[in-house]
Structures are given as C-alpha cells and as structure tokens.
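K.L.:
output the structure for:
(2 chains)
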Amino acid sequence: MDIPYTVKTRPDTGVNNAKLGIWLFLASEVMLFGGLFSAYIFLRVGAPVWPGPLLDHVYTHASEVLNVPLATINTMVLIGSSVTIVMAWASLAMGDFKKYKMYMLITILCGFAFLVIKYFEYSDKFSHGYFPEESTFLAIYFVLTGLHMIHVIGGIIVNLYFWGPGAKMWDTDPDRFKHRIEIAGLYWHFVDIVWIFLFPTIYLL
Amino acid sequence: MSESHSHEDVQKHIKTYLMVFASLAVLTIVTVAVGYIHLPIWPALIAALVIASIKGGLVGAHFMHLLSEKKMIYHLLILTFVFLFFMFLLFIWAYNDQQGVHSLLIFI
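P.N.:
Presented below is the predicted three-dimensional model:
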C-alpha cells in the first residue's frame, strides 16, 4: 500500500505529509538548539570574564582560544552547500537529472569539507589539552558545535542516499523524488541556519 | 512552495539564489569584522544576533521557500516561535532570580 499524500496536497492541511512532517521535526529542533543556545547566552553574560581561566591562562576573548579563520571558512562552506542543494532541487524542477547529480555531489563534498575542517579544529584543541572538562566555555563550545556536527553527519548520510541508491526513484516516480530532495534541502538549510547563529555567538563574542 | 514550476520560474529562482549567496557571503565578512572590533558584551551580542537573523531570514525566505509557503507551515512556525519565546522568558526569570531580582521582565 502506498503512503498517502507524499506528493499530492492533503486537503485539510494544504500541504503534503512529507513537508508537514519535516517542518514539525524542524520545530522540535528549534526548541532543542534554542534551549542550549539560551543556556550558552546566559552563561556568557553571567560570567565576569569569558572564556576566562583555561590551563593557567585567563582569556578575555573567545577568538584567542578558537580558530576564527577556520570557522569563517566553514561558514562559507555551509552557505555554499545550501546554494548547491537548492540548485540540485531546481535542476530536478527543470528535469535535468545530470545537473542534479552534480549539485548534490558538491553539497555532499561541502558537508565532508566542513567535517574535515572541524576535525582540524577539534584536534588542535585536544592537542593543547582543551577538553570539555577544563572550563564552562569549552564545555558549551563542544556541546553546541558537537551537536551541530552530528546534524551535519546526518544530513550527509541522507544526501548520500539520495545521490546514490535513492536516486533510482527519479526513473519510477520523478515527482516524489523531487519532493524528497526539497525535504532533504529543508533539513540541510536548517543546519546551515543553526551554524549562522552559532558562529558569531561562540567564536566572536 | 507551489507544486508546479515552469522553467522560467525556476530560472528566476536560480538568479535569486545566487544573489542571496552573495549577500550571505558579504554578511559573513561583516560578522567577522564586527567581532574583531571587540564591542562591550551587550552591543556585540545584539549586533551578532541582528546580522545572524538577517542571514537566517534570507536562507529561510529564499532557500527554504518560506516567501511562498502554505498557511499551515506559517502557523506551525508562529507556534514554534511562541514556545521559543516562553522558553527564553523562563531563562530570563531564572537568571534574574539568581541576581536577586524577582521579576520576569527586567534583564540585568
């Protein structure tokens, strides 16, 4: 039996079930990140010195501890991937499957690039002995950026599926496949928006 | 977003996507520049959140197609932000209480 209203608009909600489903999921994500984000803001404004003492040294700006140039590059990478995933959807809307494959591949590579940069960032912190237990600043930094990174990994897995085996649906049910890419795109854009808020508040305040 | 798209519609969208990308890149540079000025915490926080909100708004409006979305999604988003607002109020309440101010609305 087919799942109802995956492509067709459901009359009572005015949208298809897939779109309503992803927006409900994103609403729960807003509360998850919103809670952690407000916890961070209140720790930040309540601290007399921030990031404060860290292994025998007192830091007064997060940019002295964190690598702002790397994080700026990562911001550009994620913004770029948001453009490419929406271009992947636009390519399908114009019936160009080859371009879809290209844009989706670039999106996936951008996701991996983000992770590689994050790896260098984290390993640099660990090599200096900067672990979450060392300070409140590092604890909230690792929790927020780590949770975001898990979301990036989740997005890459979904995008890889739609680039690889999942792309077969284009031959059998192109409308539904196009909708799937739109839904995957909505999630990926949300992950981008979360980073847009995390980057200035964690690295630059 | 509407369920059917003509090629011309999509072409227009693509132009908008590229313009939004350029705006986001410029705003990222502005964010970093403001960060290096080292403003006091409140002006710095407000500037960071205002720029981030503009960037987030651009992504939401254009990439997530919220400019042309259905009513149901708008209602859902409004409800989400109402809950988020009340959660922030709880944080403000708890923060103020720690500072000895037993009020919800004064933020010190």
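
K.L.:
what comes into contact with stretch A:18-33?
P.N.:
A:6, A:10, A:13, A:147, A:179-180, A:182-183, A:186-187, A:190, A:194, A:197, B:72-73, B:76-77, B:79-81, B:83-84, B:87 (C-beta atoms under 8 Å, 6 or more residues apart in numbering or on different chains). Where C-beta positions appear, they are placed from N, C-alpha and C, glycine not excepted.

K.L.:
buried ones from the residues you listed, can you make that a ChimeraX selection?
P.N.:
A single ChimeraX command selects the buried members of the contacts of stretch A:18-33 (16 or more other C-beta atoms under 10 Å in any protein chain shown):
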select /A:6,13,179,180,182,183,186,187,190,194,197 /B:72,73,76,77,80,84
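
K.L.:
among the contacts of stretch A:18-33, which are in helices?
P.N.:
Counting by DSSP state H, the contacts of stretch A:18-33 place A:147, A:179-180, A:182-183, A:186-187, A:190, A:194, A:197, B:72-73, B:76-77, B:79-81, B:83-84, B:87 in helices.

K.L.:
for chain B, what's the nearest residue on chain A?
P.N.:
As assessed by C-beta to the nearest C-beta, chain B sits closest to A:L204 within chain A, at 2.9 Å.

K.L.:
quick one: contacts for that residue?
P.N.:
A:A62, A:S63, A:V68, B:T31, B:V32, B:V34, B:G35, B:Y36, B:A44, B:A48 are the contacts of A:L204 under C-beta under 8 Å, 6+ apart.

K.L.:
host element of the last one?
P.N.:
B:A48 is part of helix B:41-58, with elements assigned from DSSP states H and E.

K.L.:
which segments of chain B make up each domain?
P.N.:
What automatic domain parsing lists as the domains of chain B is B:1-69, B:70-108.

K.L.:
as CSV, these with distance to A:A93 and mean pLDDT would be great.
P.N.:
Formatted as CSV, these follow (distance: least, C-beta to C-beta, whole Å; pLDDT from 0 to 100):
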stretch, distance to A:A93, mean pLDDT
domain B:1-69, 5, 89
domain B:70-108, 18, 84
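
K.L.:
need the winner for burial among these.
P.N.:
domain B:1-69 (a mean of 16; mean count of other C-beta atoms under 10 Å in any protein chain shown).

K.L.:
report the buried residues of the helix or strand hosting A:L43.
P.N.:
In the assignment (DSSP H and E), A:L43 maps to helix A:17-46. For helix A:17-46, burial by neighbour count (16+ other C-beta under 10 Å) applies to A:17-20, A:22-23, A:26-27, A:29-30, A:33-34, A:36-38, A:40-42, A:44.

K.L.:
thanks a lot, see you next time.
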